[in-house]
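Chemist: Fold the following for me, if possible:
(2 chains)
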Number of protein chains: 2
Amino acid sequence: MMDSYVVGVDIGGTSTKYGIVDKDGNVLHSNSIPTNTHEQVHTFIDDLYEKLSELIEKVGGVGRIKGIGVGAPNGNIYTGTIEYAPNLPWKGVIPFAKMLQDKFKLPVKLTNDANAAAVGEMMYGAAKGMKEFIMITLGTGVGSGIVTNGQLIYGHDGFAGELGHTIIIPEGRLHPGTGKKGSLESYASATGVAQSAMEILRDTDRPSLLRNIEAGKITSKDVFEAAQQDDEVAKEVFEFTGKILGMSLANFVMFSSPEAIVLFGGLTKAGDLILKPTREHMEANLIEIFQNKVKILFSHLKESDAAILGASALMWE
Amino acid sequence: MMDSYVVGVDIGGTSTKYGIVDKDGNVLHSNSIPTNTHEQVHTFIDDLYEKLSELIEKVGGVGRIKGIGVGAPNGNIYTGTIEYAPNLPWKGVIPFAKMLQDKFKLPVKLTNDANAAAVGEMMYGAAKGMKEFIMITLGTGVGSGIVTNGQLIYGHDGFAGELGHTIIIPEGRLHPGTGKKGSLESYASATGVAQSAMEILRDTDRPSLLRNIEAGKITSKDVFEAAQQDDEVAKEVFEFTGKILGMSLANFVMFSSPEAIVLFGGLTKAGDLILKPTREHMEANLIEIFQNKVKILFSHLKESDAAILGASALMWE
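Modeler: Alright, predicted model coming up:
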């Protein structure tokens, strides 16, 4: 019998990454398509089918593919649906796994994108061998996957682990996608970092390199680059972001008491700028029994690979 | 072989309840001793030994007892220790299970008091048959036990489920026991309710039946009785408490997505006064996928029994 492969698909708010994975966790071929340009899920699936089929041909055609694992925001492992995902263009309940299965004529399993990333970390990454950890993805939004007793927590309906939407600042910043105020995601995401910078620039006269950029167009990358050049406003933004993230992490630790928290995604590129205040404020908000015990780790997997690996791992189960 | 029994001991900040339980979950004999009058854990254990031995004699002596299950604040199932419990008079790390075992010459298992109560609810109470629920105890303090996949979450060190210490109001009310600010326990406990009332009385001139009580001596029971008499200040205290509790419950739901949250303890006697605002604010802070799904239940077990039953159940495992 010839070797078989699995496909991993990671659907993000901006782009969707996909790749062919072998049994040892090697990503043999990978690529991406934009997500947010597809207002209709049908055209998105058509696009994915066309591009992914090219990769599948490279490894010998669909006969060699065991199935497709998908990680998606608000993806539900029990139903295979994507439900009311605030960061995706498709509203309501999308029977995504079934649609993909019909298109590719292959088995499809779907889960929350951050859950998929957590599986990737547990099988191949920073959480290898751990039975108790929390994965937090700090990207356009904030996602999470929670592992206890070596298993993902799915909850009674498959939706457990939406830590980005937990409230950390009551009556705080409005989240345009959910309509809720003061959620972690409103602060500790790429979007949140950019907004924190814009608020300081708007509300104060403080000098900053960021004033060279048109106000509405500042990105978290701009803030990071300014901070690297010792810009006080930019550094304060990371300090503030770390404070809020650290406080939230303390809350999560007091929930499931993990051995480690694995941080993943774009914001981790800021390194100590974000890690230092995060760790400090996590410890400051933990009661004594939890202090100085919990590791905060950055994912060492290539960002694009972790999510693809995690999604693909669903098909090896 | 004669029937055997187990002992359940529930250590609370104010009093410690204990009882003899049969295999069907009947509490045959029970009683209590004060906790907080014993500054030394040794004198506490001596007192417990003396009083509990009387009950043990009633069922035929220690030969009939399979073991003692203990629920205690900050109790750790892995180590049998009580560690840095803010609401108990004994500081540091207390090897409680071993001390009790040496005294009684019986096997002892110890866990977090709220975890024990959760096991009691799952075996005999409101959560019977559920695999996904969170138990919240609203007493002198706020405790919790979290069940997913039909099992208690213990975390990597045995301390998971300290939801009373999660921060819900950053820079909020100081918790004298932990030194942390804005924790759920500082608001949604009996102590918190009394303090909320005293703050309104102190900071406003609003008329209230509670002004008939000496300021420092108001209890949550006083606030409840005033609210029953339609006292506006007292009603506002429950509204405020429910708002904070509801917001916290929303966060917990977005963590483990339980089928139900079971509330237990003194504050639940306030009934709809606390339940209505709690439910309203929980729903208001949940993102769409979680809305109108999660039951909030009051424990139906006799309060004294639930904790004793839960603790005793550790010995049937």
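
Chemist: Please name the residues that touch residue A:292.
Modeler: Shown in contact with residue A:292 (CB atoms under 8 Å, 6 or more residues apart in numbering or on different chains): residue A:283. C-beta here means a position set from N, CA and C on the backbone, and glycine is covered the same way.

Chemist: Pretty sure it sits in a strand.
Modeler: No: going by DSSP: H, G, I helix; E, B strand; the rest coil, the assignment for residue A:292 is coil, not a strand.

Chemist: Backbone torsions only: list them for residue A:272.
Modeler: With angles defined as degrees, to the nearest 10, residue A:272 sits at phi -60, psi -30.

Chemist: Just the pLDDT at residue A:13, thanks.
Modeler: Per-residue confidence (pLDDT) for residue A:13: 85.

Chemist: pretty sure it is touching residue A:90, no?
Modeler: No: assessed by CB atoms under 8 Å, residue A:13 is found out of contact with residue A:90, at 11.3 Å.

Chemist: number of nearby residues for whichever residue of the stretch 1-150 of chain A sits closest to chain B?
Modeler: Residue of the stretch 1-150 of chain A nearest chain B, by CB to the nearest CB: residue A:132 (4.0 Å). Using other CB atoms under 10 Å in any protein chain shown, residue A:132 is surrounded by 22 other residues.

Chemist: What of the one 10 residues further on?
Modeler: As a burial measure, residue A:142 scores 28 neighbours (other CB under 10 Å).

Chemist: how many other residues sit next to the closest residue in space to residue A:300 that isn't next to it in sequence?
Modeler: Nearest residue to residue A:300 in three dimensions, chain neighbours excluded: residue A:126, at 5.5 Å (CB to CB, 6 or more residues apart in numbering or on different chains). Neighbours of residue A:126 under the rule other CB under 10 Å: 20.

Chemist: check whether the lengthiest helix in chain A contacts chain B.
Modeler: Ranked by residue count and defined by DSSP state H, the top helix of chain A is helix A:232-256. Yes: looking at helix A:232-256 against chain B by CB under 8 Å from any CB of the partner chain, the contacts come from A:247, A:250-252, A:254-256.

Chemist: beta partners of residue A:136?
Modeler: Here residue A:136 sits in beta bridges with residue A:144, residue A:263, going by DSSP bridges.

Chemist: Confirm for me that it is in contact with residue A:143.
Modeler: Yes: contact status for residue A:136 versus residue A:143: in contact at 7.4 Å, counting by CB under 8 Å.

Chemist: any residues in contact with both of these two?
Modeler: In contact with both residue A:136 and residue A:143: A:114, A:163, using CB under 8 Å, 6+ apart.

Chemist: for the stretch 101-250 of chain A, what spans make up the strands?
Modeler: A:108-112, A:133-138, A:142-148, A:151-152 (DSSP state E, counting those that start in this stretch).

Chemist: Including mean pLDDT and distance to residue B:207, could those strands go into TSV?
Modeler: Formatted as TSV, those follow (pLDDT from 0 to 100; distance: least, CB to CB, whole Å):
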stretch	mean pLDDT	distance to residue B:207
strand A:108-112	94	52
strand A:133-138	96	49
strand A:142-148	95	46
strand A:151-152	92	54
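
Chemist: and the residue of the stretch 201-317 of chain A found nearest chain B, what pLDDT?
Modeler: Nearest to chain B in the stretch 201-317 of chain A, going by CB to the nearest CB, is residue A:257, at a distance of 2.5 Å. At residue A:257, the pLDDT value in this model is 98.
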